[in-house]
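Student: the sequence and its predicted three-dimensional model are supplied below.
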Amino acid sequence: MVINGDASIADVSLRCALPYFTCEFSNMTIDNEDVYKKAGWGRSQYAVVFVCSLLFMGVGIGIGYAVGRNNSNSNIPQAGDTAQETATKPPRSPHPIDTILSSINKDNIKQNLWKYTSRPRMSGTPGGYELVQILQEAWRSSGIDEVRVTPYDVLMSYPNRTNPNRVQLLTSSGQLIFQSALFEPALDSLSNNSEIIPPFNAYAAAGISEGDLVYVNYGRIEDFLYLTQNMSIDLKGKTLIARYGKIFRGDKVKNAQRFNASGIIMYTDPSDFNRGNSTYPDSWWMPPSGLQRGTVGGDGDPLTPLYPATDYAYRVKESDVSGIKIPAQPISYGDAQHFLSEMGGEEAPLEWRGALPITYRIGPGFRNSSLKMRLEVNNFEEKRTVENVIGYIKGKTEPDRYILLGNHHDAWVFGAIDPLSGTAVLTELIRVFGEMLKSGTRPDRTIVFCAWGAEEHGLIGSTEWVEEYMKVLYERAVAYLNVDYAVDYNYVLFAGTSPLLQDSLYQATKQVPNPDTSSSDKTLYDAWKTRDNSNDLEPSVYYSLGSGSDMATFYQRAGVPSIDMWFTYDENKWDILSYPVYHSAYETVYLYENFIDPGYSYTATMAKLWGVLAWNIANEKVLKFDVRRYATAINKFIGNLKTEFGAKWTKQNVNIGALESAAQNLTTEAENFHQKVQSLQATSSAANVLQNRMINDKLIQFERAFIDCEGLPGRPMYKHVMFAPSLYDSYSDNSFPGIVDTMNEIENQNATAKWEVLKQQVSIATFIIQSAANTLKEVGL
């Protein structure tokens, strides 16, 4: 007998007073066949039952007396008597959030990172395939429900190791004066590895460019327009040199191709990648010999655009692929100085000047007319298999609703920051979730863990997987949480998000402790708000997710609400474009442990944040997606459009009034929907499960309402009308991309014929916003 959860004295007394009876009762076995073979009852058996009934009645009276007496006995354990309760009451299971926070182990993450960075991990190479096996084995041993490897045969691009790419300074007679490094020199034992690939830009065309050299600053469209319109420089046939940064490197190459250049060289200027007095291995700053590899191609397999690269897929001919047609090559700033210091022409504008000890000039050509330059690229392309590793924990109540966590496992070289700090975190998080699963703790919704292949070549693994499962994801995916890398400096959280996930992110950061234990800010949220340098009431996030990592296809094609997050440096202290050794051979575990996150505190905090965020979304009865944030963002973006283009639109009779009306309708419906959700949650009824499912389905599908199946003008792969990569910078999004890119063409390229396209894009945006408002209504038809 148990009273208030504790064994009472009355219960003990009963067992002591009736040893024979309790012994006989305890030896009865209901599944003993003899019980069923007994003959019918006789008079003696009824007598026994009568005696036993009297006996139980007496015992009951005794129990009542004992209970009444013991209620006033100060020696009996009371609620709140911890010592006594612990002895007699089974311990309460910790909350899953507490388990996640307490179970993340920094030493495990460190061991993972050392193992993963022990050799170069580019997809389609022995090191890349080996890492897939390592991840597969580790994830399976964790105890999660299932682990799969999903392979895709795709067109990949590689440098020619026996005939590496080069940039040369020659005399008119062909005598070599200077040549760029064929490999980055080793500066320590970790960067001394024979598997390191030579410098190259993936998918840059093989070929030779020997035109006069022209400096094009960052290679943005405005830089090209300045050269061609303000300075009247004809770029046809020229070889260009641009500094890395500001926009996606592939867009620099596309701009060069658009202006009929014959080739382009890209380098890391120290103004953007070296602000210190020392460089790697003595600091985190890029050394003069360091350079940035990277793709200049598009997203996904070039041979199967818009469709997955399955074994049965139709593939276009390689000769028919519309991609980069000119050679492109990265070099170090130490090598770039040899070319830039010899250039002639006018001095570059002040804002075009970097930090090399030279006079920056535009060109074309060199001061010494007997000098010429030569760019030689020997890249090759071939089909190879790239592999994703996918792990699953099946939800117990809503297995058909998915929360996906993603990171890519391929690196240009060692990738201690990008991406393997994130991969090391993901594996540790899977271990923790696996242990929770073994103890009986299972999420309500399904959690999917994703390690993508060939992200560096152009989001290939994730794009092919999303294309293969697009129909399922469109119906069932709740959220995609991306961590490309965990930490590039241990200072402040940086996050891009769909407006729908903003509150979920804030909630999770309030549950995670601040990794800086010396700070008065106790939670990650407090530290984020303090160091964010924002005057807002909450930490700032950005909605422009771009296509710089694997959330792109989920967000911009499947309409899955997405987040991308990492810890980074103080931008007020260092106005730089990225962490300095980005995509170089010097991105080693030594760099990580000495300059990025000594002690792995911020790395472990990312694991906690990722896990808590995923667990919350996987178990909320009603998702914390606030549609009002989307309405607020849209009204703000429309205001920006009116400020920038309103006068011109009025002259051209662009119907901005209808766009504003649709936005107001969305604002009204978002507020009504929010109030209805609050009201339903305040009541309790048997219909709550169905009501919650209906609410959640509307919230999940709300992001999909902004997907236009026709895609953007000239870019059918991008379908999100509110957020999509800029036509001129794939790293960043435009809000209303179809509108903004069309206006850019009208204003900067004198494409007056595009006004009709602009009116169409405004009409489409109006329709999409009104459709989104309709999805929040009770019926909506």
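Tutor: In hand now; what should we look at? Residues are numbered from 1 along each chain as shown.
Student: list the contacts for the residue lying closest to Asp626 once chain neighbours are set aside?
Tutor: Excluding its sequence neighbours, the residue lying closest to Asp626 (CB to CB, 6 or more residues apart in numbering) is Asp503, at 5.2 Å. Just so you know, the C-beta spots here come from the backbone N, C-alpha and C atoms, and that holds for glycine as well. Asp503 is in contact with Lys624, Phe625, Asp626, Arg629, counting by CB atoms under 8 Å, 6 or more residues apart in numbering.
Student: what is the nearest of those residues to Ile100?
Tutor: Nearest to Ile100 among the contacts of Asp503: Lys624, at 17.8 Å, using CB to CB.
Student: touching, that closest one and Tyr506? I think so.
Tutor: No. Contact between Lys624 and Tyr506 fails when scored by CB atoms under 8 Å: they sit 9.2 Å apart.
Student: burial measure for Gln760, as a count.
Tutor: Using other CB atoms under 10 Å, Gln760 has 15 neighbouring residues.
Student: that one falls within a helix, correct?
Tutor: Yes. Membership of Gln760 in a helix is supported by DSSP: H, G, I helix; E, B strand; the rest coil.
Student: that one and Thr603: what is the separation?
Tutor: 48 Å (CB to CB, to the nearest Å).
Student: got it, and Gln168?
Tutor: 42 Å.
Student: and if you look at Ser540?
Tutor: For Ser540, the distance to Thr603 equals 23 Å [CB to CB].
Student: with Ala256 instead?
Tutor: 38 Å.
Student: following the host helix or strand of the residue nearest to Asp626, which helix or strand comes up?
Tutor: Assigned by DSSP states H and E, Asp503 belongs to helix 502-511. Per DSSP H and E, helix 502-511 leads on to helix 524-531 as the next helix or strand towards the C-terminus.
Student: show me what that next one is packed against.
Tutor: Counting contacts by 3 or more CB pairs under 8 Å, 6 or more residues apart in numbering; DSSP states H and E, helix 524-531 is packed against strand 492-497, helix 502-511.
Student: pull out the buried residues from that helix.
Tutor: The neighbour-count check on helix 524-531 (16 or more other CB atoms under 10 Å) flags Leu524, Tyr525, Asp526, Ala527, Trp528, Lys529, Arg531 as buried.
Student: nearest to Gly354, of those residues?
Tutor: Arg531 (28.5 Å).
Student: hmm, which two among the contacts of Asp503 are most spread apart?
Tutor: Lys624 and Arg629 (10.9 Å).
Student: give me the below-cutoff pLDDT ranges for the protein.
Tutor: Applying pLDDT under 70 to the chain flags residues 1-92, 684-687, 729-733.
Student: report the inter-axis angle for the helix or strand hosting Gly646 versus helix 502-511.
Tutor: Using DSSP H and E, Gly646 maps to helix 627-651. With axes from the mean of the first three to the mean of the last three CA atoms, to 10 degrees applied, the angle from helix 627-651 to helix 502-511 works out at 140 degrees.
Student: buried set for helix 627-651?
Tutor: When burial is assessed from 16+ other CB under 10 Å, helix 627-651 yields the following buried residues: 627-634, 637-638, 641, 645, 649.
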